[in-house]
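Trainee: pasting the sequence and the predicted coordinates here, then a few questions.
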Amino acid sequence: MKRPRGMLTHPGKATILALGKAFPHQLVMQEFLVDGYFKNTNCDDPELKLKLKLNQLCKTTTVKT
């Protein structure tokens, strides 16, 4: 496959930055996100390890959903 003239390749990981704003049709409050995810994916987590871990991640990160 030929590359267009002037394009160089560099070994290593790629970094992608995207900025934007979206307004989805269905908004999910962050406190309901984990329960809704496990309900929608039919995830069977008998010891609740995954659910507790995902709850902790949602509480400690600055990402808002």
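Mentor: Thanks, I have the structure now.

Trainee: who's in contact with stretch 36-49?
Mentor: 28, 50-51, 54 (Cβ atoms under 8 Å, 6 or more residues apart in numbering). (Each C-beta comes from the backbone N, C-alpha and C, glycine too.)

Trainee: out of those, what pair is the most spread apart?
Mentor: V28 and L50 (18.1 Å; Cβ to Cβ).

Trainee: which of the contacts of stretch 36-49 tops the neighbour count?
Mentor: L54 (17 neighbours; other Cβ atoms under 10 Å).

Trainee: tell me the contacts of that residue?
Mentor: Applying Cβ under 8 Å, 6+ apart, we find L54 in contact with 34, 37.

Trainee: and the helix-or-strand element of the chain with minimal mean pLDDT, what's buried?
Mentor: The helix or strand of the chain with the poorest confidence is helix 30-40; it has a mean of 80 (mean pLDDT, DSSP states H and E). By neighbour count with 16 or more other Cβ atoms under 10 Å, helix 30-40 contains the buried residues 34, 38.

Trainee: any low-confidence regions in this structure?
Mentor: 1-7, 62-65 (pLDDT under 70).

Trainee: how about the helices in it?
Mentor: Secondary structure of the chain (DSSP state H): helices at 30-40, 49-60.

Trainee: and those helices: which comes nearest A14?
Mentor: With distances scored as Cβ to Cβ, the stretch of the helices of the chain nearest to A14 is helix 49-60 (24.2 Å).

Trainee: got the CA coordinates for that closest one in CSV?
Mentor: Only the C-alpha atoms of helix 49-60 are listed here, as CSV (Å, rounded to 0.1, in the frame of the first residue of the first chain):
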residue,chain,number,x,y,z
LYS,A,49,-16.7,-8.1,42.3
LEU,A,50,-17.1,-6.5,38.9
LYS,A,51,-20.1,-4.3,40.1
LEU,A,52,-18.2,-3.0,43.1
LYS,A,53,-15.1,-2.3,41.0
LEU,A,54,-17.1,-0.4,38.4
ASN,A,55,-19.0,1.5,41.1
GLN,A,56,-15.6,2.5,42.6
LEU,A,57,-14.3,3.6,39.2
CYS,A,58,-17.4,5.8,38.6
LYS,A,59,-17.0,7.4,42.0
THR,A,60,-13.3,8.1,41.8
